[in-house]
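[1] Next comes the sequence, and after it the predicted model I'd like to discuss.
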Amino acid sequence: MDKLQSKTLQTRQKYPLDLKVDMSLNRIRFWYNKYGGNVYVAFSGGKDSTVLLHLVRKLYPEVPAVFVNTGLEYPEINQFVKTIDNVVELRPTMTFKKVIETKGYPVISKKVARGLRALQSLGTSARERNKVLYGDERGSYGKLPKKWRYLEKAPFKISEKCCEILKLRPANKYYKQTGRTAYIGTMACDSDFRRMTYIKHGCYLTERKIPTCTPLGFWLQKDIWAYINKNKLSYAKVYDMGVSHTGCIFCCFGIHMESSPNRFDCMKVTHPKLYKYCMNNLNIRKVLKTLNINEYNGLLSIENMIKQNSHETR
């Protein structure tokens, strides 16, 4: 079944943009009707959720956008969000600084960070440790890759709890208060985890704490920019500064997979004050050093970053 669904996804990803738009609109209609219009758009201020919000409001202009202000957004993202009508702003009860101090830093991936948190915790049982180190009765499920085991002895805590505390908890509270279910702008091409989620569930995730619909699940990054350009949509200007990814700006998930210059190297050029804060006040420099990620030593400018990312932003 997974092979069939994988082929289905690959086929849909090759569809022309107009067909993808029609398919996404159908999914938006279905979800809206399923929940009697009691829905919202999870709006991060990034390019993907900007396209999603435009599609949803093309059909249902009254649907609110919900922005979780985690404190980890580029200033240009916050400025852009303020230009959008009918936005509900949520805030977490804990800062990122407090999260990394009390829970740990998000490194490598959620799966790896979860395993390392278990290994670092004094309260972890021998059975739980063995599951992380060797897998369980299902085989390698939940097993920590050997190459990351050295991080158990890292000079800082590691945890996957950041997203839960800063994003999911405010969203869960909003859902409990309003009963509204979410449209979210994630796509299968974003990561292996999201690809597998799409293959398993398609665009409808009804078993989550907050039932969610991902109408853009089969889109590609090039489709996002094609749609923005075709419809002349406004977007956060941070993308014109050479920044290609606007997620949580101090997050270290996936940093080991980025070529040099990485997201932090680019931040040093585009947002030097934020760079100094995360390196010095949040001790991200120590995290990167432990991950064997060196600071970029070449010439870097906004101009060549824009050129480097031009295939994504035009």
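    Looks like it came in fine. What you are looking at is a predicted structure, and each value in this text was computed from that prediction instead of being measured.

[2] need the contact list for W148.
    Applying Cβ atoms under 8 Å, 6 or more residues apart in numbering to W148 gives the contacts 108, 112, 115-116. Quick note: C-beta positions are derived from backbone N, CA and C, even for glycine.

[3] one more time with 6 Å, if that's ok
    108, 112 (Cβ atoms under 6 Å, 6 or more residues apart in numbering).

[4] Can you tell me how far Y15 is from L53?
    Per Cβ to Cβ, to the nearest Å, Y15 is found 22 Å from L53.

[5] of those two, who's got more company?
    Neighbour totals were compared for Y15 and L53, and L53 leads with 23 against 16 (other Cβ atoms under 10 Å).

[6] Could you say which helix or strand holds that one?
    Here L53 sits within helix 47-59, counting by DSSP states H and E.

[7] what distance separates that helix from the centre of its chain?
    Chain-centre distance of helix 47-59: 17 Å, with Cα atoms, centre = their mean, to the nearest Å.

[8] just checking, next helix/strand downstream of it?
    strand 65-68.

[9] So for that following strand, mean pLDDT?
    The average of the pLDDT scores along strand 65-68 is 98.

[10] Now it - C-alpha only, PDB.
    Extracted C-alpha coordinates of strand 65-68, given in PDB (Å, rounded to 0.1, in the frame of the first residue of the first chain):
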ATOM      1  CA  ALA A  65      -5.500  33.200  10.300                       C
ATOM      2  CA  VAL A  66      -3.900  32.100  13.500                       C
ATOM      3  CA  PHE A  67      -0.300  33.200  14.100                       C
ATOM      4  CA  VAL A  68       1.700  31.700  17.000                       C
END
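
[11] Buried ones in the next helix or strand after it, by neighbour count?
    Scanning forward in sequence from strand 65-68 by DSSP H and E, the next helix or strand is helix 75-81. Neighbour counts using 16 or more other Cβ atoms under 10 Å place 76-77, 80-81 of helix 75-81 among the buried residues.

[12] any chance of those residues in JSON lines, plus distance to R129 and pLDDT?
    Output for these, formatted as JSON lines (distance: Cβ to Cβ, whole Å; pLDDT from 0 to 100):
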{"residue": "E76", "distance to R129": "44", "pLDDT": "97"}
{"residue": "I77", "distance to R129": "40", "pLDDT": "97"}
{"residue": "F80", "distance to R129": "45", "pLDDT": "98"}
{"residue": "V81", "distance to R129": "43", "pLDDT": "98"}
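
[13] and which of the residues you listed is nearest K146?
    Taking Cβ to Cβ as the measure, I77 is the one of the buried residues of helix 75-81 closest to K146, at 37.6 Å.

[14] so how far is A171 from the spatially closest residue to that closest one that is not a sequence neighbour?
    Distance criterion Cβ to Cβ, 6 or more residues apart in numbering; nearest residue to I77, sequence neighbours excluded, is G45 at 4.0 Å. From G45 over to A171 the distance is 15 Å, taken as Cβ to Cβ.

[15] V107 too?
    23 Å.

[16] Looking only at neighbour counts, state which of these two leads.
    V107 (25 against 20).

[17] give me phi/psi at the more buried one?
    phi -130, psi 150 (degrees, to the nearest 10).

[18] Identify the residues contacting the nearest residue in space to it that is not next to it in sequence.
    Once flanking residues are discounted, V107 sits nearest to C252: 4.6 Å by Cβ to Cβ, 6+ apart. By Cβ under 6 Å, 6+ apart, the contact list for C252 reads 106-107, 287.

[19] cutoff 8 Å now
    Contacts of C252 (Cβ under 8 Å, 6+ apart): 105-108, 284, 287-288, 291.

[20] ok, which pair from those is furthest apart?
    Pairwise distances across the contacts of C252 (Cβ to Cβ) peak at 14.3 Å, for the pair I108 and I284.

[21] Can you tell me the centre-most residue of this protein?
    Geometric centre of the chain, nearest residue: G247, 5.6 Å, by Cα atoms, centre = their mean.

[22] Do I have it right that it meets G46?
    Yes: using Cβ atoms under 8 Å, G247 is in contact with G46, at 7.4 Å.

[23] Kindly provide the distance from the residue nearest to V107 to T197.
    Using Cβ to Cβ, C252 is found at 22 Å from T197.

[24] repeat for A42
    In terms of Cβ to Cβ, A42 sits 15 Å off from T197.
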